[in-house]
Each structure stands twice: as C-alpha cells, then as structure tokens.
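In: how would this look folded up:
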Amino acid sequence: MRTYRELFGAPEFTPLFVTSSVQVAATVVAGLALGTLVYAATHSPLLSALSMFGPSLAQMVGATALLSADATGIGLQSHQYRQHRSMDAPVPPQRHETAG
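Out: The predicted structure is shown next:
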C-alpha cells in the first residue's frame, strides 16, 4: 500500500490534487456567496439553502440515476455490447458506395 508521502512524490499526482482541491474550494466559496446573496435579498432560509446546495443535489441525483441505469443494463453501451456479443444477432449487410 502506498503512503501519502509516496503519492505526493509522484509528479503526475501533485498537479491533479492541487487542481482538484482548488476546484472544490471554489465551488464551496461560490455556494456560500450565492447563499448569502439570496438570503440578503429574500430573507428566506429555504431559498438560501436551495441556492447553496441545489446544484450539488441535482448532480448527485443525476449521477445516481445514470449509474443505476447502466448497472441495470438499460445503458446504451451495455445494450450495444450485448447485441454485438450475441450470436443470434443478425449482421447488417455492408454497403459500399462508388464514386459516380
């Protein structure tokens, strides 16, 4: 198992970690700023909370729905893979167009 010292010593990991950390920090600051502005304008804790956490909640729900659709075999790639791997699936004829 790798240690954090070894992980941070890898030249490929350090820029990835720094960029990801900056992105997370920027998202948190943007959410707090938006929540503060919404609360100052409306004095509504509900609207303030929705403006702060709404995008993250929507992303979580969307990712969960997409992952569950793929896990149940509804996803497009898994359908194409099953169709390609099936021995009973007919192979469509190939058409070759010639320049006229």
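
In: residue 47 touches residue 40, doesn't it?
Out: No. Using CB atoms under 8 Å, residue 47 makes no contact with residue 40, being 11.1 Å away. Glycine gets a C-beta too; all of them are placed from N, C-alpha and C.

In: those two: who's more crowded?
Out: Comparing residue 47 with residue 40 by other CB atoms under 10 Å, the one with more neighbours is residue 47, at 15 against 9.

In: so which bits of the longest helix along the chain are buried?
Out: Scanning the chain for the helix with the most residues, using DSSP state H, yields helix 13-42. Judged by neighbour count using 16 or more other CB atoms under 10 Å, the buried positions of helix 13-42 are 31, 35, 38-39.

In: now swap in stretch 49-61 and tell me
Out: Quick answer for stretch 49-61 (16+ other CB under 10 Å): 51-52.

In: so for it, what's the average pLDDT?
Out: Stretch 49-61 comes out with an average pLDDT of 88.

In: what of stretch 6-24?
Out: In this model, stretch 6-24 has a mean pLDDT of 88.

In: hey, C-alpha coordinates of it in CSV?
Out: Listed in CSV are the C-alpha atoms of stretch 6-24, where the atom choice follows Å, rounded to 0.1, in the frame of the first residue of the first chain:
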residue,chain,number,x,y,z
GLU,A,6,4.9,8.4,-1.9
LEU,A,7,1.6,9.6,-3.5
PHE,A,8,2.5,13.3,-3.3
GLY,A,9,6.0,12.4,-4.6
ALA,A,10,4.6,11.2,-7.9
PRO,A,11,4.9,14.0,-10.4
GLU,A,12,1.6,13.1,-12.0
PHE,A,13,-0.5,13.3,-8.8
THR,A,14,0.5,16.6,-7.4
PRO,A,15,-1.0,18.9,-10.1
LEU,A,16,-4.1,16.7,-10.2
PHE,A,17,-4.5,17.0,-6.4
VAL,A,18,-3.9,20.8,-6.4
THR,A,19,-6.3,21.5,-9.3
SER,A,20,-9.0,19.3,-7.7
SER,A,21,-8.6,21.0,-4.3
VAL,A,22,-8.8,24.5,-5.9
GLN,A,23,-11.9,23.4,-7.8
VAL,A,24,-13.6,22.1,-4.6
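
In: contact partners for residue 48?
Out: 35-36, 38-39, 42 (CB atoms under 8 Å, 6 or more residues apart in numbering).
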